[in-house]
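Novice: got a structure for you, letters missing:
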């Protein structure tokens, strides 16, 4: 065995032993020329773990986008419609990542009450964009700045220069390249390893457009994820069109208070007509660990606990949908999703005594 082969064997062994290895380590292993010297079992385990991390990354932003959406008082406001579209597409990305994992015999893990599970405020999994903290709050400019960083395109941004909230200048902090590289490496390993793929334990329908059971469908799934969000490829309006703006440009419109339109004189896409910022409930940033029973009123605690109970049930159903529960669990999960806002929106209307802003859901798994 060559030195290079020994090195990749040891590196993959270490990565597989970690609960939350850096995404960059997955990319390095999956793209190593020496990877093919390993056993199929080790390579399949690495591919499963890489997809599991992609699942966690896809889910991580959904709660913060939902909190912002629910804080908008009028659900037909253009900003609400746009953010709702983003949430729906993020659910699609999550489902497609889960389908890819299930296609090779993996089991998506969504209901996780251990210290490895998502708890807000949270960092993005896998060391992606380490300076960014995902916070639960209402729709604000500060929240939008974070959303823009999450969805930052990898390719050059057209329309005008974008100055983000985080300007570290460190190329390793360019999370969009990291996420794009992860999906690129996953796609490459599907082609190289050619694992046996099965439609078993996959779902299709409202949350997932198709079952992923061929290498071509892997490419299609990754294409949709990269085109709509996470900034892995050129998602400029000239490529997507105005009706299918990527997540970055949707959030940028709201942040700029202007709609992106095509200039009839130049033919270029620019910010043009005004977009009024919506009237929102002033949901404060949820503190670490969430609100405690002893610190809030009985009314607030009832809403908080009911939300956490419903959210936990939702995550169990979603996890079951890619397991024993199947399609029936998926339909129950969709119904449960609509129950969340019944507790979230009333919470956002209750001011925090001697504090700034109103309460909001904590998204705690119980």
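Specialist: Nice, I can see it. As the structure is a computational prediction, the values presented were derived from the model and not from experiment.
Novice: which residues touch residue 204?
Specialist: Residues near residue 204 by Cβ atoms under 8 Å, 6 or more residues apart in numbering: 210, 211, 327. From N, CA and C alone the C-beta is placed, and that goes for glycine too.
Novice: One more: residue 320?
Specialist: 326, 329.
Novice: quick one: least confident of the contacts of residue 204?
Specialist: Within these, residue 327 has the lowest pLDDT, namely 84.
Novice: Next one: that one from residue 339, what distance?
Specialist: Per Cβ to Cβ, to the nearest Å, residue 327 is found 20 Å from residue 339.
Novice: and what of residue 86?
Specialist: Distance from residue 86 to residue 339, by Cβ to Cβ: 21 Å.
Novice: neighbour-wise, which of the two wins?
Specialist: residue 86 (24 against 16; other Cβ atoms under 10 Å).
Novice: The nearest residue to the more buried one once chain neighbours are set aside: neighbour count?
Specialist: Leaving aside its sequence neighbours, residue 86 sits nearest to residue 247 (Cβ to Cβ, 6 or more residues apart in numbering; 4.9 Å). Residue neighbour count, defined by other Cβ under 10 Å, stands at 28 for residue 247.
Novice: Quick check: residue 247 touching residue 89?
Specialist: Yes - Residue 247 lies in contact with residue 89 (Cβ atoms under 8 Å); the separation is 7.1 Å.
Novice: Please tell me which one of the contacts of residue 204 counts the most neighbours.
Specialist: Going by other Cβ under 10 Å, residue 211 tops the contacts of residue 204 with 18 neighbours.
Novice: Contacts only, for that residue.
Specialist: So residue 211 contacts 99, 103, 199, 202, 203, 204, 217 (Cβ under 8 Å, 6+ apart).
Novice: ok, now residue 5?
Specialist: So residue 5 contacts 34, 37 (Cβ under 8 Å, 6+ apart).
Novice: Please tell me how far it sits from residue 194.
Specialist: Per Cβ to Cβ, residue 5 is found 21 Å from residue 194.
Novice: confidence score at residue 204?
Specialist: So residue 204 comes in at 84 (pLDDT).
Novice: Ignore what I typed, I meant residue 70.
Specialist: Residue 70 carries a pLDDT value of 98.
Novice: what's the neighbour count on it?
Specialist: The tally of other residues near residue 70 (other Cβ under 10 Å) stands at 25.
Novice: Quickly note the distance from the residue nearest to it when sequence neighbours are not counted to residue 307.
Specialist: Take residue 70 and drop its neighbours on the chain: the residue closest to it by Cβ to Cβ, 6+ apart is residue 344, 4.8 Å away. Counting by Cβ to Cβ, the gap from residue 344 to residue 307 is 6 Å.
Novice: cool, and residue 333?
Specialist: Per Cβ to Cβ, residue 333 is found 16 Å from residue 307.
Novice: what pLDDT does the residue nearest to residue 86 get?
Specialist: So, for residue 247, pLDDT stands at 89.
Novice: Check the spacing between it and residue 210 real quick.
Specialist: For residue 247, the distance to residue 210 - Cβ to Cβ - is 21 Å.
Novice: repeat for residue 366
Specialist: Separation of residue 366 from residue 210 (Cβ to Cβ) stands at 33 Å.
Novice: Likewise for residue 252?
Specialist: From residue 252 to residue 210 the distance is 30 Å (Cβ to Cβ).
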